[in-house]
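[1] need a 3D model of the following:
(chains A and B)
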Amino acid sequence: MGRAGGAAAFAALVSVGALPASAAEPPEKVAACLACHGAEGQSATENVPSLGAQPAPYTVIQLFLFREKMRLADPMNDMAKPLSDADLQSAADFLAAMPPPKPPDDPGDAARLERSRALTEQNHCNICHRPDFSGKENVPRLADQREDYLLKALREYKSGQRRGYDPSMAEVLQPVDDAMLVELAYYLARVR
Amino acid sequence: MTTIPSHSRSVLFAAIAAGLIAAAPVMAQQPANPAPGAPPTPAGPSAPTAQTPATPAQGSAAQAPAAPPPWAQGRPDNPAVADIAPVQPPPIPTAADKLPLAMFKLPPNFHIEVYAPGVANARSLRVDDKGNVFVSTRQLDRVYALTDKNGKREVKTLATGLNSPNGIALHNGTLYIAEINKISKIDNVADQFDNPPKPTVIYDDLPSDAPHGWKFLTVGPDNRLYFNIGAPCNICMPPPTHAQIRSINLDGSGAQVVARGTRQIVGMDWHPTLKQLYFTENQRDWLSEDQPNDKLNRITQPGKDNFGFPYCGGGDIPDPQFGWGHSCDEFTKPIAQLGPHTAPLGMRFYTGKMFPAQYRNAIFIARHGSWNKSHKIGGDVIVAKLNPDGTVKSFEPFITGFIQDNKYVGRPVDVEWLKDGSMLLSDDYNGAVYRITYGPQKVSAAR
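    Numbers count the residues shown, from 1 in each chain, chains lettered A, B, ... in the order given. Next up, the predicted model:
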């Protein structure tokens, strides 16, 4: 794109107020979320997921389940309690437009990464979560999610502690042992 | 057996009819070749099913990988299917002024209006003698009552914490609720809207499998509860406890198997004069774009009818895996085929007086619409007119327009009748209940 085109595109963006996501002011009720989940879409908090570039339909579903106490997780049930349907949607839309989380600086163990990548295929993770693990609609993005949160979520789905909007995760994880969950989380936290 | 006709009398309905009817000529002529997506090696009827964990990885018996999710069983290795997956309804209902009423097309002098917005995940419908409307959910955990108070319609949540409570039925003022793994009741429910008690369990001898575990529930002329137990998979050899219609007394006693070989059922009703149970049945995914047809069935031999799952799909397609050694002629035929993957759900016989006489005792069927096709079909309400012997005489489209540009703008689930003979229709995609009236002039919505 030439300079003029770039300028025109920038002007068009500005004119509709669509600045790059990191520069946009979050909706009032989203600001509190970012304290734990990260202002740039990337969480630095233990066991708290990164939400940047998370598909909006997935986030709406989770916020709804928190608000309606169909998914129990401190402090999310209280955080979601006062939110209206419109709040859920605008929060999810804002988070979806934030940049995706980045992989850790540490490249990880190459041989282990290759083995665990193969396990994500053997376990069919890529069917719903997409081959690049970017997720789609009601299926969450997994790529470069925090490793501790991924493992926690997998364990909670397998044990039945975490209720999904649909039962797919609980069903598919039944034959999978904990050592496998550890390996899946290892790779998914380091997708490059 | 009647297939949906490949022509439509009315130009108005030509477009929808194309979707409604696409299947009929195709399936009548196609040989029963295994489809591209079929497993390459046929296995006997006792072959391990998709419920069996996959072979453990070598050298580590504990390291069994996950099976594909149930909906993806039998999915072909073909990039063309990458975007074909079940369509999940949003949990939050569409605002009343954003509901796609203007896109819905009906026959002349029929009118559609919003009866109640804000009914998240609205599924099965029931109406009591006082005009209270009960609405179930499937993805959520609750059952609602829609009531009129001082001329204002209210959505009250009657029960929460339920396990996919899709099936509801009414009998003498008692609301019966069918969850995946139990059936419960609330007596005198209409007197307890403001402080409803926890439902009382009457029957829990049920599997807890989530795939196709949600139920439809109806009370028969014999004052027994009838419900389905679906196959816990896309295609598999079901355990003897599954893929059947079962009935129990109103107190949960006296369980009987009424029919077998049913894959999944989300709509049943009783013929007004023949008193036979009719039901819609959803057939397997991934066989091909155009096979097998979903079905309209009727039970003529209670306790004996077997509708063919997993050996025969659509009434006429031997399953490429489980059909070996069997013939579709061994099984009770459907009385009609309703199009491949169209997902016919709720169905009711019309016995009211508001609609013209030609609709009397006809069946209105809500087709939720396909997910397992590249080009979506269904997403409508069709009407089946019957012969005096209860066989199907003809099909016509009734409400169309739920699919726009190959996307859902709504998904019809169940139909039920108000006392005045008007129709209620639930839409789980928008979280709404609509009302359909007949008359020379549009009757404005009672709010």
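[2] enumerate the residues of the stretch 1-150 of chain B near chain A.
    B:53-54, B:57, B:62-72, B:75, B:85-86, B:88, B:90-93, B:139-141 (CB under 8 Å from any CB of the partner chain). Bear in mind the C-beta positions are built from the backbone N, C-alpha and C, glycine included.
[3] in strands, which of the residues you listed fall?
    Using DSSP state E to define strands, no part of the residues of the stretch 1-150 of chain B next to chain A is located there.
[4] filter these down to the buried ones, ChimeraX style.
    To isolate the buried members of those in ChimeraX, using 16 or more other CB atoms under 10 Å in any protein chain shown:
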select /B:54,63,64,65,66,67,68,69,70,71,72,75,85,88,90,91,92,93,139,140,141
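[5] look up how far A:Thr59 lies from A:Ala91.
    7 Å (CB to CB, to the nearest Å).
[6] ignoring the adjacent residues along the chain, who's closest to A:Ser116?
    Nearest residue to A:Ser116, sequence neighbours excluded (CB to CB, 6 or more residues apart in numbering or on different chains): A:Tyr187, at 3.6 Å.
[7] and that neighbour, that one's in a helix?
    Yes - judged by DSSP: H, G, I helix; E, B strand; the rest coil, A:Tyr187 forms part of a helix.
[8] list the contacts for the residue of the stretch 301-447 of chain B found nearest chain A?
    Residue of the stretch 301-447 of chain B nearest chain A, by CB to the nearest CB: B:Gly431 (9.6 Å). B:Gly431 is in contact with B:Pro89, B:Pro90, B:Ile92, B:Pro93, B:Thr94, B:Pro117, B:Gly118, B:Val119, B:Ala120, B:Asn121, B:Ala122, counting by CB atoms under 8 Å, 6 or more residues apart in numbering or on different chains.
[9] ranges for the helices of the chain?
    Went with chain A since none was named. A:3-15, A:28-37, A:56-67, A:76-80, A:85-97, A:110-122, A:125-129, A:147-159, A:168-172, A:178-188 (DSSP state H).
[10] chain B was what I was after
    Using DSSP H, helices in chain B cover B:14-21, B:23-29.
[11] so which bits of chain A are right by chain B?
    A:57, A:60-61, A:64-65, A:68, A:70, A:85, A:88-89, A:119, A:122-125, A:127-128, A:137-138, A:165-168, A:170-177, A:179-180.
[12] give me the below-cutoff pLDDT ranges for the chain.
    All of this refers to chain A. For chain A, the stretches with pLDDT under 70 are A:1-24.
[13] looking at chain B here, not the other one
    If you take pLDDT under 70 as the line, chain B has these spans: B:1-63, B:442-447.
[14] okay, which residue is most central for it?
    Taking CA atoms, centre = their mean, the centroid of chain B lies closest to B:Leu345, which sits 2.0 Å from it.
[15] for it, which non-adjacent residue is closest in space?
    In space, B:Leu345 is closest to B:Val266, 4.1 Å off (CB to CB, 6+ apart).
[16] can you check B:Thr137 too?
    Per CB to CB, 6+ apart, closest to B:Thr137 is B:Asn121, 4.2 Å.
[17] hmm, B:Arg138 and the one you found touching each other?
    Yes - here B:Asn121 reaches B:Arg138: they are 6.5 Å apart, a contact under CB atoms under 8 Å.
[18] now the common contact residues for the two.
    In contact with both B:Asn121 and B:Arg138: B:Asp428, using CB under 8 Å, 6+ apart.
[19] related to what we said a few turns ago, what about the residue nearest to B:Leu345, neighbour count?
    By the other CB atoms under 10 Å in any protein chain shown criterion, the neighbourhood of B:Val266 contains 28 residues.
[20] state the distance from the closest residue in space to B:Phe331 that isn't next to it in sequence to B:Pro165.
    Excluding the flanking residues, the one nearest B:Phe331 by CB to CB, 6+ apart is B:Gly308, at 3.6 Å. Distance, B:Gly308 to B:Pro165, using CB to CB: 29 Å.
[21] ok, back up a step: ok, the residue nearest to B:Thr137 to B:Val413 distance?
    For B:Asn121, the distance to B:Val413 - CB to CB - is 9 Å.
[22] where do the contact lists of these two overlap?
    Common neighbours of B:Asn121 and B:Val413 (CB under 8 Å, 6+ apart) are B:Asp428.
[23] who touches the residue nearest to B:Thr137 in this structure?
    Contacts of B:Asn121 (CB under 8 Å, 6+ apart): B:Pro89, B:Pro91, B:Thr137, B:Arg138, B:Gln139, B:Leu140, B:Asp428, B:Gly431.
[24] give me every residue that touches residue 80.
    You didn't pick a chain, so chain A it is. So A:Ala80 contacts A:Leu63, A:Phe66, A:Arg67, A:Leu88 (CB under 8 Å, 6+ apart).
[25] you answered for a different chain; I wanted chain B.
    B:Ala80 neighbours (CB under 8 Å, 6+ apart): B:Ser374.
[26] what's the burial count for the closest residue to B:Arg224 other than its chain neighbours?
    Computed as CB to CB, 6+ apart, the closest residue to B:Arg224 that is not its neighbour in sequence is B:Ser247, at 4.6 Å. Neighbour count of B:Ser247, defined by other CB under 10 Å: 21.
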